[in-house]
Structures are given as structure tokens and as C-alpha cells.
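**Q** Pasted the sequence and its predicted model underneath.
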Amino acid sequence: MSHRRRPARPEHVPAMPSGHDGTTAPNVLRFGLDPESLTLALNAVGTSVGTLAPLALTARIEPPELPAYGTLLLNVLRGDPALSLRADEAEEAWRVLEPVLSGWARDPVPLEEYPAGSLGPPGIDRNR
């Protein structure tokens, strides 16, 4: 598989602005999946009062011997249920999901798309 994967990026915006223009760069924790890595990008104390400087800490993780599905199959063959769902968990998941799937099939309210990190779709009542 040679397609490029995008990392997971939880972000936290600090309270202190990072520059003289008052802008702030978010603190970012990146979980790289291909290759395996973990990067924490922070805003650290800068060289002058009231400024922040970027700081990145990165750890590379050795890739596993098997891909994820291979690990799952190996665990099944070994009788290790750690990565598998129990029957009651699967039943409960379907019990919760069935009404959602039925609702989407009926299309009573269209699903609206909007950019990640935005306040939501245009026209939404934000005063509720």
C-alpha cells in the first residue's frame, strides 16, 4: 500500500498570542500512522517577553511485524480475544446503530457537510 495517510491532529489553542500581531498557533499532537510516529508540536516561551516559539518533539516507532489485520488474525488463531468483540458487544452496537441507519435511509433531514473546525453548517441556530 503506497497511498499517503493523514495523521490524527488533536489541537489546543493556547491563551497567549504567539506574535506581535496577536495571532496564535495551535498546540498540535500528531499521531502518524505511516510511518509510525508521534509528534508533539508546542508553543514554548520565546526569546522576548510575550512571545512564543515553536517546539517539536518527535518519536519514531518501529513498525509492527504484521499489518493490523494480520495481528488480528494471529490473535484469533492463538485464542486471544483482546482485539475481538464479544457477542453481547456486537449486539449492543447494532442495537444503537440500527435506528441511525434507518433514519439515514428515510432521509428526513439532509446531512449537511461543513469544514472541520468550523462552527457547523450555515443557518444552524447557535442560540439553542
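**A** Yep, it's here. Numbers count the residues shown, from 1 in each chain.
**Q** looking at it, residue 45 is touching residue 55, isn't it?
**A** No: proximity of residue 45 to residue 55 does not meet the contact threshold set by Cβ atoms under 8 Å, at 9.3 Å. For glycine as for every other residue, the C-beta is placed from the backbone atoms N, C-alpha and C.
**Q** what are the ranges of the helices in the protein?
**A** Here the chain has its helices, by DSSP state H, at 68-78, 87-106.
**Q** now the first one, how far from the chain's geometric center?
**A** In this case it means helix 68-78. Taking the mean C-alpha point of helix 68-78 and that of its whole chain, the gap between them comes to 24 Å (Cα atoms, centre = their mean, to the nearest Å).
**Q** What average pLDDT does that helix get?
**A** In this model, helix 68-78 carries a mean pLDDT of 91.
**Q** which residues sit against that helix?
**A** Under the criterion Cβ atoms under 8 Å, 6 or more residues apart in numbering, residues 64, 66, 81-84 lie in contact with helix 68-78.
**Q** Quick check: buried residues in that helix?
**A** Using 16 or more other Cβ atoms under 10 Å as the test for burial, helix 68-78 gives no buried residues.
**Q** just so I have it, where are all the strands in this protein?
**A** Under the criterion DSSP state E, strands of the chain are mapped to 11-12, 27-33, 36-45, 52-60.
**Q** With mean neighbour count and distance to residue 116 added, can I get those strands in CSV?
**A** What follows is the strands of the chain, written out as CSV (neighbours: other Cβ atoms under 10 Å; distance: least, Cβ to Cβ, whole Å):
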stretch, mean neighbour count, distance to residue 116
strand 11-12, 11, 10
strand 27-33, 16, 14
strand 36-45, 15, 18
strand 52-60, 12, 22
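**Q** is it possible to export the ones you listed to TSV including distance to residue 104 and mean pLDDT?
**A** Rendered in TSV, the data for these read as follows (distance: least, Cβ to Cβ, whole Å; pLDDT from 0 to 100):
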stretch	distance to residue 104	mean pLDDT
strand 11-12	29	56
strand 27-33	28	68
strand 36-45	34	78
strand 52-60	40	82
